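Novice: Pasting the sequence and the predicted model now:
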Amino acid sequence: MRTWIPLLAAGLATVALAGPAVAAPDSASKCGTKYCIDVKGSGLHVDSATVSLKSGGAATGYFYLEASDTGATFFWSPKETSVYSVTFYDITFSHNVTLCGGVSATKSNIDHPGDGCVSVHS
């Protein structure tokens, strides 16, 4: 028989199942001046990263993720037309990075203004 144990953490009521410990997924969301990023994962693994406009409107262009520490690595979507968000899946980093997201009219691996950024770390 399983026992349900209610827990109160950070002001939110949650329910935990008694039994083996399982690592809980982490999530983070942040908006820059133009774009927002919503990341779900655990440690250095990103299960999903969703990029959207801060205004909530639709965008046309290439959605991107920029992973940076001392340099930058970009992940690009195909060109999208009038979409509200794009989600990138299953990315594992070998070290801590700052992960930013946005939309660009062209695929250019430069620092784009207005990104939403979060920290991905172990």
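Specialist: Looks like it arrived, so ask away. Numbering: from 1, shown residues only.
Novice: For Thr70, give me the pLDDT.
Specialist: Thr70 is assigned a pLDDT of 83 by the prediction.
Novice: Repeat that for the one 4 residues further on.
Specialist: Looking at Phe74, its pLDDT stands at 97.
Novice: So Thr106, which state does it fall into?
Specialist: The three-state label for Thr106, taken from DSSP: H, G, I helix; E, B strand; the rest coil, comes out as coil.
Novice: The spatially closest residue to it that is not a sequence neighbour: helix or strand, and which one exactly?
Specialist: Nearest-residue entry for Thr106: Tyr62, 7.1 Å, with adjacent residues in sequence omitted and distances by CB to CB, 6 or more residues apart in numbering. Where C-beta positions appear, they are placed from N, C-alpha and C, glycine not excepted. According to DSSP states H and E, Tyr62 maps onto strand 59-68.
Novice: And that strand, what's buried?
Specialist: Applying a neighbour-count criterion of 16 or more other CB atoms under 10 Å, one finds Ala59, Gly61, Tyr62, Phe63, Tyr64, Leu65, Glu66, Ala67 buried in strand 59-68.
Novice: Next: stretch 73-92.
Specialist: Neighbour-count burial for stretch 73-92, counted by 16+ other CB under 10 Å, picks out Phe74, Trp76, Ser77, Glu80, Ser85, Val86, Phe88, Ile91.
Novice: So what's the gap between the helix or strand hosting Phe74 and the chain middle?
Specialist: Secondary-structure element containing Phe74, defined by DSSP H and E: strand 72-83. Centre-to-centre, strand 72-83 and its host chain are 14 Å apart (CA atoms, centre = their mean, to the nearest Å).
Novice: tilt between that strand and strand 59-68?
Specialist: Relative orientation of strand 72-83 and strand 59-68, computed by axes from the mean of the first three to the mean of the last three CA atoms, to 10 degrees: 160 degrees.
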